[in-house]
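Undergrad: can't give you the sequence, but here's the structure:
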């Protein structure tokens, strides 16, 4: 039996329910998308009381299995107008597990002028406590205040000032093993949904006493070790261990898909100034708090995270990841890791997604509000967001709205969500994935890049995208880190064996994929019911009209192909 | 035969074509919506080169018939994402007629960094001339410069600085009989569409030599006089002659549908300070340039326009109309006609729609950016628009986007276009019209207010709205002023007789209504093809959840009823 804790944010009633269905067993996106699909009216307003927010850990949360403790957060997105699952690392998944919880649901909403509340969940129950003292404070300060009150070991979920203002790029921050809420479910504006319910933090205390039970403890131990071995042996995930995701800079530059100058180019001269080796060398050289290798959750054998120190060796930002380095770096023609880390820190503090805000700043630069490549101007624009000025709010509304307000046509998004760090005209597989995702443009949704024979050609890309949609979604489906997929893409056996050893439930590979595909179907159905038309699954017209200079490519994917890639 | 002048704004090729079909005969919205429907791909981006802009005068343009010279401007709207017809008075319709034109089409678009152009149309042909000297200037200054170059008698069409920045509430301004471009096709952001084609002005010179020919001149003269008599005898239009549209303030206050405090209330204490009598008395008292009665076009027997003078008797704004007095007055709790006229003047100068910007300022006040009722703050917000600051751009993007960026849920719009000056919870007929219009919330689309037995009840309102959708659309359909409808609502004979006497073409009342209904069908089909889902035909959720205090009413209209009201 798996517990869901339902919390009505208007009446403050709480209720625990028990379920045994497979979706509760798997948790993660399998569960969050089913809950949204069943309980949120598809046509409701995302910031209204009919929306709900579901925090779901996964099947192996709280165990010794590497990278298994991610939390999927589901709800209707104000950014895309559709269903959203955004997941984060950190310790929240573990703490939920220790409290015997598979899902926490925040339902309903009090009037907008109600006071801010913190929901505290512990072994003795649930309570609402005053959260007004957190209001307006940055996420780093909130983290300190929450740690002081509930210990650094509590699982804390909070939002930044951007979310408090209901901005569409605001994420939900989950605490890392040090009590810092730096692990973001960043995409889709779910922070604003949490704020609309007047919940400024959810704390899962470190007093949980529920330990995972096993059908076959020995088999589980062996299986768990096998995952570590697979991760260490895998050439991709093991490279992430040394360099983190920054390894993608060189790869994307070589493929001419490194987003540059508001996604008008795919190559940035001087990209080596922000590549993985430069980052590695900088961190090593500066020492101090710096770490080239760092785990966002325990246990994790990949440890792709890092701690980027400033010139004095003091923590500047942790982590600094490829997606941010591209969207807030090359996309703005910035060639300075300190600038990127500074912008990243501000984004984390005000609580906005680095991709969506990076893309919005790119649009603002194209509109002439600052020069591409101007480090100070870029930081100044981030300060506008931190100060929640009118311009800051435009930027923190994402690149679609920023483009509407600032009169820019080349807006890199699908369904309002910014295109991630792979310029779509140069990689038709990723383009297909962006176009067909129910979540808006999303790279984790189906990462084809490493498996495209001819990236610039759309031939076979419907099938390739769909193949990787399944591979990627398998990880979300059970709360695993997306990077585990490299190790099990040809054989999910090792993970399914762990489920068997943990719960005594046998799920075959095909049955599991059927569940994954059913999730995709439900997600697309939700969006259709929400009124998202097929015509929304497109890039801006400029991507079809103007060739990317380095590849000579335009988007040539048709609505029919996109529709086929959404068909499950 | 009726001429359409096609102008390719990218290649600068022009081509005159002749057509004899009924839609060319009728002109107006009949023609503009058919042209958009046929020639603009419904799913194109409104600011891309696939969109086109059609300027169509009506069947009786250039004749002696009162109020018959309006110009319908059609295109795909950036504000609503759907089809748009927005019409304006002034002399453009007349000048087109004198050049033998029924329609001017602006097609294609040059690159965004091209120079601004003026298109000059005269008896000797069409030429493109440099328009860069107009760029960035207000519409009043543009009017002076255009008048100086082409005479005050030319038919000038221009846009303001807001349109140059592609803002979604920017209108298209047409010159009045004094050479001032103050007659706005304000709604739907068509100014931005014109700007996207890099056309800063279209000038129809006053050298046209085409005179209307008549099948039966005497019958036409008699018929034309009959229209004047009908207008003078009609209690509604004759009241507009004395008081202008300001007469609606008292009516709406009495019905509790005067938009107040960002559409949260329907009654404003102190509304008499901005009502028709106060305006009339103020204008009379101040004298000088002031006029309580004024014609936007010649000939016109209604003359609902006015000239509002400042304290020294100098022209402050012409006209000041009810919709503006409500959206920029009561909606902001402003009780000062000078403030409203000042805001109106700024809006006209920067070239934005007063309704959509008034609604956006209401949203900004609800977001706490200024106090309701603060005259200086309201003018300051208009100055933000004039200066095209980030906040100004947010406001000039309309109330939907302003609400998204500023975190406000109670956004008064349908399809992104602001709700006009009749609070929908108190008038379910108007609510039905707003919800079912293909143009976004629009009062002229089907004005039920004067004919609702129980305004707060939705009973019978599908039928009532549809009845008035036809009555209102009849006027647009042939380029007549909407206010003529009061005189012919039960008998279109007098206008159809004029068509007979002018062209020798007999159009029966039923046949005419069939054309009107076919236009509605085409418009809805365009929107459907554009991907506007049925779910978009709703108000913000708050209108369904929160009762308007004075009437105790919420919106209770269902999607099914709205769909029925869109079915033709």
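TA: Now that the structure is in, tell me what you want to look at. Since we're looking at a predicted model, the values are computed, not measured.
Undergrad: And the strands in the stretch 351-500 of chain A?
TA: For the stretch 351-500 of chain A, the strands defined by DSSP state E, counting those that start in this stretch cover A:413-414, A:417-418.
Undergrad: what about those strands, which gets the closest to residue A:293?
TA: Closest to residue A:293 of the strands of the stretch 351-500 of chain A is strand A:417-418 (CB to CB; 28.1 Å). Every residue, glycine included, has its C-beta placed from N, CA and C.
Undergrad: picking up where we left off before, how about a markdown table for the strands of the stretch 351-500 of chain A, with mean neighbour count, distance to residue A:519 and mean pLDDT added?
TA: Putting the strands of the stretch 351-500 of chain A into a markdown table (neighbours: other CB atoms under 10 Å in any protein chain shown; distance: least, CB to CB, whole Å; pLDDT from 0 to 100) gives the following:
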| stretch | mean neighbour count | distance to residue A:519 | mean pLDDT |
| --- | --- | --- | --- |
| strand A:413-414 | 27 | 19 | 98 |
| strand A:417-418 | 33 | 19 | 98 |
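Undergrad: Any chance of a markdown table for the ones you listed, columns distance to residue A:95?
TA: Output for the strands of the stretch 351-500 of chain A, formatted as a markdown table (distance: least, CB to CB, whole Å):
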| stretch | distance to residue A:95 |
| --- | --- |
| strand A:413-414 | 34 |
| strand A:417-418 | 29 |
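Undergrad: just so I know, which of these lies nearest chain B?
TA: strand A:413-414 (13.0 Å; CB to the nearest CB).
Undergrad: Which strands and helices lie in contact with that closest one?
TA: Applying 3 or more CB pairs under 8 Å, 6 or more residues apart in numbering or on different chains; DSSP states H and E, one finds that strand A:413-414 contacts helix A:398-406.
Undergrad: what does chain A have sitting close to chain B?
TA: Contacts of chain A with chain B, taken as CB under 8 Å from any CB of the partner chain, map to A:43-45, A:47-50, A:78, A:112, A:165-168, A:192, A:389-391, A:393-394, A:397, A:401, A:404-407, A:409, A:530-536, A:540-541, A:545.
Undergrad: List the buried residues for stretch A:341-351?
TA: For stretch A:341-351, burial by neighbour count (16 or more other CB atoms under 10 Å in any protein chain shown) applies to A:341, A:342, A:343, A:344, A:345, A:346, A:347, A:348, A:349, A:350, A:351.
Undergrad: follow-up on the earlier one: quick one, which of the strands of the stretch 351-500 of chain A gets closest to residue A:331.
TA: Closest to residue A:331 of those is strand A:417-418 (CB to CB; 9.4 Å).
Undergrad: Who are the packing partners of that closest one?
TA: Short answer (3+ CB pairs under 8 Å, 6+ apart): strand A:417-418 packs on helix A:354-366, helix A:398-406.
Undergrad: tell me the angle of the longest one relative to helix A:398-406?
TA: Put plainly, it is helix A:354-366. 30 degrees (axes from the mean of the first three to the mean of the last three CA atoms, to 10 degrees).
Undergrad: just how off-centre is helix A:354-366 within its chain?
TA: Helix A:354-366 sits 17 Å away from the centroid of its parent chain (CA atoms, centre = their mean, to the nearest Å).
Undergrad: again with the shortest one
TA: Relative to its parent chain, helix A:398-406 has a centroid offset of 21 Å by CA atoms, centre = their mean.
Undergrad: Give me the buried stretch members for it, please.
TA: A:398, A:399, A:400, A:401, A:402, A:403, A:404, A:405, A:406.
Undergrad: And that helix, what does it pack against?
TA: Short answer (3+ CB pairs under 8 Å, 6+ apart): helix A:398-406 packs on helix A:354-366, helix A:390-395, strand A:413-414, strand A:417-418, helix B:390-395, helix B:399-406.
Undergrad: got JSON lines for the ones you listed, with distance to residue A:261 too?
TA: Putting the helices and strands packed on helix A:398-406 into JSON lines (distance: least, CB to CB, whole Å) gives the following:
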{"stretch": "helix A:354-366", "distance to residue A:261": "8"}
{"stretch": "helix A:390-395", "distance to residue A:261": "17"}
{"stretch": "strand A:413-414", "distance to residue A:261": "16"}
{"stretch": "strand A:417-418", "distance to residue A:261": "15"}
{"stretch": "helix B:390-395", "distance to residue A:261": "22"}
{"stretch": "helix B:399-406", "distance to residue A:261": "25"}
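Undergrad: Looking at the buried residues of stretch A:341-351, which are in strands?
TA: Assignment to strands by DSSP state E places none of those there.
Undergrad: Among these, name the ones in helices.
TA: Members of those lying in helices (criterion: DSSP state H): A:341, A:342, A:343, A:344, A:345, A:346, A:347, A:348, A:349, A:350.
Undergrad: Let me see the confidence value for the first one.
TA: Meaning residue A:341. For residue A:341, the model assigns a pLDDT of 98.
Undergrad: Residue A:275 versus that one, what's the distance?
TA: The gap separating residue A:341 from residue A:275 is 14 Å, by CB to CB, to the nearest Å.
Undergrad: check contacts around the residue of the stretch 51-200 of chain A found nearest chain B.
TA: Across the stretch 51-200 of chain A, the shortest distance to chain B (CB to the nearest CB) belongs to residue A:166, at 3.4 Å. By CB atoms under 8 Å, 6 or more residues apart in numbering or on different chains, the contact set of residue A:166 is A:47, A:78, A:192, A:195, A:196, B:407.
Undergrad: Using JSON lines, please lay out those together with pLDDT.
TA: Output for the contacts of residue A:166, formatted as JSON lines (pLDDT from 0 to 100):
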{"residue": "A:47", "pLDDT": "98"}
{"residue": "A:78", "pLDDT": "98"}
{"residue": "A:192", "pLDDT": "98"}
{"residue": "A:195", "pLDDT": "98"}
{"residue": "A:196", "pLDDT": "98"}
{"residue": "B:407", "pLDDT": "98"}
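Undergrad: helices or strands next to the longest helix seen in chain A in the packing?
TA: Using DSSP H to define each element, chain A has its longest helix at helix A:509-530. Contacts defined by 3+ CB pairs under 8 Å, 6+ apart place helix A:509-530 against helix A:22-26, helix A:28-39, strand A:83-88, helix A:461-477, helix A:493-503.
Undergrad: from the ones you listed, which stretch is densest packed?
TA: strand A:83-88 (a mean of 29; mean count of other CB atoms under 10 Å in any protein chain shown).
Undergrad: Pull the residues that contact that one.
TA: Contacts of strand A:83-88 (CB under 8 Å, 6+ apart): A:28-29, A:32-33, A:36-37, A:42, A:70-77, A:171-174, A:183-190, A:438-439, A:476, A:479, A:523, A:526-527, A:530.
Undergrad: again, only this time at 6 Å
TA: Contact with strand A:83-88 is made by A:29, A:32-33, A:36, A:70-75, A:77, A:174, A:183-185, A:187-188, A:190, A:438-439, A:523, A:526, as judged by CB atoms under 6 Å, 6 or more residues apart in numbering or on different chains.
Undergrad: Nothing else from me, thank you.
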